[in-house]
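[1] Fold the following, please.
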Amino acid sequence: MTFGYGSAGTYGFNRPAVRDRWHNGKTHSDFLNPDFCRKYWVPFLRDGKIIENDEEAERPPWWLWAASTFKIKYAVILIAAGTYLWRWLAA
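    Here you go, the predicted structure:
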């Protein structure tokens, strides 16, 4: 298990050493089903061959964009500060 990849699954890594490919309409578990593995993973793991596709990246839904743009820790701070301010003003 690893961490620190952020929204790479949505926006790609965008780094020179990484080739981003898009599989629009797939869910997280679709990348490990038998058909997908036979088509994309087996050739890569066996021969290092990358199977190309012609898909361009889809724009993510607004809520996913918002969740990846605005960090949750800032939302928690804003909600806590707003609650404190509201209670202080109401007193």
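[2] and the longest helix for this structure?
    In terms of residue count, the longest helix belonging to the chain (DSSP state H) is helix 72-90.
[3] Packing partners of that one?
    With contacts defined as 3 or more C-beta pairs under 8 Å, 6 or more residues apart in numbering; DSSP states H and E, helix 72-90 has no helix or strand neighbours. No exception for glycine: its C-beta is placed from N, CA and C like everyone else's.
[4] Now the element after the lowest-mean-pLDDT helix or strand in the chain, going C-ward?
    When each helix and strand of the chain is scored by mean pLDDT, DSSP states H and E, helix 8-11 comes last, with a mean of 68. Note on helix 8-11: by DSSP states H and E, the next helix or strand toward the C-terminus is helix 34-36.
[5] That following helix packs against which elements?
    Here helix 34-36 touches no other helix or strand, going by 3+ C-beta pairs under 8 Å, 6+ apart.
[6] What mean pLDDT does that helix get?
    Taken as a whole, helix 34-36 has a mean pLDDT of 92.
[7] Give me the distance between Phe36 and Leu64.
    For Phe36, the distance to Leu64 equals 21 Å [C-beta to C-beta, to the nearest Å].
[8] what stretches of the protein score poorly on pLDDT?
    Of all residues in the chain, those with pLDDT under 70 make up the ranges 1-11, 68.
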